[in-house]
Structure formats: structure tokens, C-alpha cells
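In: turn this into a model:
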Amino acid sequence: FQGDHLFAATAHTYRGALASMMVSSDHGRTFHRARGARSELLDGRWKVLDVSHGAVLLLVQRHDELPSVGDLFVSDADGLVYTLSLRDCVETSFARVEGVDGGYVVQQLSGLGGADGPARKAAVEAPRLRTLITHNRGAAWSLLRAPAAAASSTRAGKPCVLADGCSLQLAAHAAASGRSIVVSRADAAGVVLAVGHPGPHLRHDAPESWLTYLSRDGGRSWEEAAPVAMHGAIGAHASVLLLAPDAIRLGTASGFGADPAAAGGADASSLRFSTDEGLTWESVPLGDVAIPPEAYTADELLAVEAVAGVPHAPLSFLLHAERRPALPPNASAAAAAAAARARQGVLLTVRVEVAAAAARPCSFADAEEWGSDVCALGRRTKRLRRRRAANCLGAPPALLASAAWTVVRHTPAPSAPCPCTASDYECDFDH
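Out: Below you'll find the predicted structure:
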């Protein structure tokens, strides 16, 4: 089951391992075979990636040598007729942007479509990935614009601009494989955290060159949040953003600081938080982390794997990590990698309570209108959210009292239709 749909596969013995997708929207009483709007073949290995905003997003695997790569299809309202949205997508990179209607990001493998012989072999053995984003449920995809003013937007001394084929490339954190390439929340409309770098393609073999980025408009524009790759989490209503380094040394006199060897000497690699969505950052003292002093020694560190916000508690976060012996400061990169692969430490979950200095509740004046100037899924939708510089905690009362706050009220947000364009239409059968 996905949403209101039930999906099933029927095998064709005369066609080997291929399977047709059958869809039911009445809880299994009747099934109908899914089909392509332009005669695309849907038979094969397929996986439902997402069901939301009145449509099904489906990945159909096309390449035997790359089982995680396939073509992305988007359905009609009944989940029966599918239109090709994007070719050669990486399944593990697909992610929904929460709080943004029709927002998704995905990595696309370049150079594979139509390639054969040596060219295809090169595309498989040395994959070139680029990140794409959509704000209209896959009707159109675009590259991510790198920050214009940040130092990270330069490539070999040149600005990173879309006209030169340079864009922002996102990836799942190297120490958190299998997790989403973006961090977002339904109650923090437009706020997104991600890890990556500017360039024509993703440098997946050089995670040390990745940075941490922040967007406040659902991924349309980005700014640098940290000059290193960090694990990110968004608290309730984006009251607090938390960034955690790969490794945190325990028992330091200065507090809950980063491990110098793992951080590469970067001064922004401490466990830190922001109450104004990245305008300013503060370090998290050791006293705010629920680890008894007798539970660790000074020669140990926490290898962070993920960090997440606690529902309905904007100042609380959970940090999932592995406690390991600390490497000497002069340890080589190979030694650090070998220690990471060994995974001989103790897994634990740590609760982090952020002591925000301005921990006042949000007021009516702390809300702002967002999204009404952008056409998404055929409508301009007005949302209320917490202002960036409000420096308050929780949801402003205006959000809780307004029907625009869909997460709390579960009612449609006020919206107005956009003028239709040619891209809003598609071919139907026999037309």
C-alpha cells in the first residue's frame, strides 16, 4: 500500500523476469494495469518511490549492470497512466522536499542514455552524477544554482554559473549512506539543509571537498552554512537548526568540540546550533549533551552517523553515533578509513538539549507570508511560517490559528490558480 493505492506485480513467464504493474484504488476490489501515456514500456523491474500531491512517482529499472538506476515516471490522478519525467535517475538519491508542494530532488547519471560500447562502459565504471530539482512534481527538472557570493561557488578561480554547466551538486553525507540527500520538515516550509559542492558533476570520491548548504525557498537558491560537510537537523518550525561534525571528541576541557583529526582543522566543525536559520551559529556546550562524565574518557570520540529533531520539542535533538577510541592527531587518512570500516565501537543515541539564550515563545509578529509569489502545481499557495530573524521558539500563534498552516489544521492552504501554459498539457491515448 502507498497512500490510497494498492500496487501488485503480475509476472509474464513468456517474457522472463519482467512483471506488469497492477494498480487498485478501491482497496483491492478491482485492479487495472498501469500503462505509459506515450507507449513507454512499464513492464520490468519497478519501484514506487513516492505517492503524494495526487500522483504516483515510479522508477522503472532499465540497466542490468546498474540496478539502482532507472527512468522516473509520474502518474495521473488514478495512478494508471504514467508519463516519462526523467531518464537515468539514481534510486537511492531520490528525496521529497517536505513543506514544498511538488518538490523533489534526484541525481541523474550522465552519459548513459544511448551510449554503447566503450562509452557505455565508461559511464558505468566512472559514473558522472548531477543533481536536479523539480517544484512541479516532475513536469520539469532544473539544475541547482550555486551560491553566488560564497567562496564555495568558485571553480578553478571562476564563478560557478549555470551557463557554464556548473551547478550545485548534492549528495548523502559520506558517513550516513542510505539517508536522504536533503533534510527538510513539513512544519518548516522552504527550509532545506544539504551537503555537496559546486561543479559540473558530483565528486563522489572526494567527500572532504563537500560543504553544508542551506535553502529557505525550497531549493531554488542556496547559501553556505558551513565550510565542511556536517550532519544537519531542523527543529520544530525551524526554531533551531543543528549541525554536527563527523567526529566529536569526548572529555575535552573546552566542551563538546570536534575531533581535530576528523575535522581537518576546520573551525566550523563543532556541534553548533542556530536560532535564526543560519544567520548566526553558537557552539553546544558539553553540559547540554546527555552523556554522563563517567561514561567516557578523554581518548574517545563519537563518530556521528545521523542527527534528528525531536517532534514537538524545538530545543531537543537525537544524535546517533558510535563511540570509538580516538585516533592520534597525526593518523593518516588510510588509518581513519580503516577505523571507520572496522566499526568496533559502541552504538548509542545521545539526546542534545540546546540552551538557546532567547528562548521566548513566538508571537503573532514573528510570522511571515511565504510562497504566494511562486506557481507550484498550477496554484499560488500562501503559507505562513516563522520569520528568519524572529529568534523565538515554536510556531507563531498566527500559524496555529490560520487555515494556511496545513500541518496543524489539516485544511487546504489559501491559493489561487496560475495561468496555464503549453507545459501544463500532455498527450492522452489516441491523441
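In: which helices and strands sit right next to the strand ranked longest in the chain?
Out: As assigned by DSSP state E, the longest strand anywhere in the chain is strand 313-325. Contacts defined by 3 or more C-beta pairs under 8 Å, 6 or more residues apart in numbering; DSSP states H and E place strand 313-325 against strand 300-310, strand 346-353. C-beta: built from backbone N, CA, C; applies to glycine.
In: what angle do the shortest one and strand 313-325 make?
Out: Note on geometry: by axes from the mean of the first three to the mean of the last three C-alpha atoms, to 10 degrees, strand 346-353 and strand 313-325 are set 150 degrees apart in direction.
In: which ones are touching Glu65?
Out: Val124 (C-beta atoms under 8 Å, 6 or more residues apart in numbering).
In: confirm it sits in a helix?
Out: No. Counting by DSSP: H, G, I helix; E, B strand; the rest coil, Glu65 is not part of a helix but coil.
In: now do it against Leu109, distance only.
Out: 11 Å (C-beta to C-beta, to the nearest Å).
In: which strand residues bridge Arg385?
Out: Arg385 has these beta-bridge partners by DSSP bridges: Glu368.
In: which residue is the nearest non-sequential neighbour of Gly102?
Out: Of all residues not flanking Gly102 in the chain, Arg137 sits nearest, at 3.9 Å (C-beta to C-beta, 6 or more residues apart in numbering).
In: where does the closest residue to Leu302 other than its chain neighbours land on pLDDT?
Out: Distances taken as C-beta to C-beta, 6+ apart put Ala321 closest to Leu302, at 4.1 Å, once the chain neighbours are dropped. The model reports Ala321 with a pLDDT of 84.
In: let me see the contact set for Ala321.
Out: 248, 302-305, 347-350.
In: separate out the buried members of these.
Out: Buried residues within the contacts of Ala321, counting neighbours by 16 or more other C-beta atoms under 10 Å: 248, 302-305, 350.
In: the residue nearest to Gly102 and Leu57, how far apart?
Out: For Arg137 relative to Leu57 (C-beta to C-beta), the value is 8 Å.
In: equivalent analysis for Leu243, please.
Out: Leu243 is 30 Å from Leu57, by C-beta to C-beta.
In: thinking again about what came up before, beta partners for the residue nearest to Leu302?
Out: Val304, Leu348.
In: the one 4 residues further on too?
Out: Taking DSSP bridges, one obtains Glu300 as the residues bridged to Pro325.
In: surely it meets Glu300?
Out: Yes. The pair Pro325 / Glu300 is scored as a contact, 6.1 Å apart, by C-beta atoms under 8 Å.
In: looking at the two, which is more packed in?
Out: Glu300 (18 against 11; other C-beta atoms under 10 Å).
In: sketch out the helices for the stretch 151-300 of the chain, chain order is fine.
Out: Taking DSSP state H, counting those that start in this stretch, the helices of the stretch 151-300 of the chain run over residues 260-263.
In: would you mark the buried spots in stretch 73-93?
Out: 73-75, 79-83, 85-86, 88-93.
In: just the ones of these in strands?
Out: 73-75, 81-83, 85-86, 88-90.
In: spatially, which two of these are the most separated?
Out: Taking C-beta to C-beta, the two most distant members of these are Val81 and Val90; they sit 25.0 Å apart.
In: and stretch 346-353, what's its mean pLDDT?
Out: On average, stretch 346-353 scores 81.
In: stretch 74-92 now?
Out: For stretch 74-92, mean pLDDT is 87.
In: how long is that stretch from one end to the other?
Out: 18 Å (C-alpha to C-alpha, to the nearest Å).
In: what's the separation between Asp164 and Val192?
Out: For Asp164 relative to Val192 (C-beta to C-beta), the value is 24 Å.
In: more neighbours: the two, which one.
Out: Of the pair Asp164 and Val192, Val192 is the one with more neighbours under other C-beta under 10 Å, namely 29 against 11.
In: identify the bridge partners of that one.
Out: Assigned bridge partners for Val192, using DSSP bridges, are Ser184, Ser215.
In: all helices of the stretch 1-150 of the chain, in order?
Out: Using DSSP H, counting those that start in this stretch, helices in the stretch 1-150 of the chain cover 118-125.
In: related to what we said a few turns ago, quick check, nearest of the contacts of Ala321 to Thr421?
Out: Using C-beta to C-beta, those come closest to Thr421 at Glu305, 44.4 Å.
In: for that closest one, which non-adjacent residue is spatially closest?
Out: His320 (5.0 Å).
In: how about the strands in the stretch 101-250 of the chain?
Out: 104-110, 128-134, 142-143, 154-155, 158-159, 167-171, 182-184, 192-199, 211-215, 223-226, 231-234, 241-244, 247-249 (DSSP state E, counting those that start in this stretch).
In: didn't Arg145 look like it was pressed against Ser167?
Out: Yes. Using C-beta under 8 Å, Arg145 is in contact with Ser167, at 6.7 Å.
In: more crowded one of those two?
Out: Ser167 (23 against 19).
In: show me what contacts that one?
Out: Taking C-beta under 8 Å, 6+ apart, we find Ser167 in contact with 130-131, 143-146, 160, 198-200.
In: with distance to Ala390 added, can I get the residues you listed in CSV?
Out: As requested, the contacts of Ser167 are exported to CSV (distance: C-beta to C-beta, whole Å):
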residue, distance to Ala390
Arg130, 36
Thr131, 31
Leu143, 32
Leu144, 27
Arg145, 26
Ala146, 28
Cys160, 32
Pro198, 30
Gly199, 35
Pro200, 38
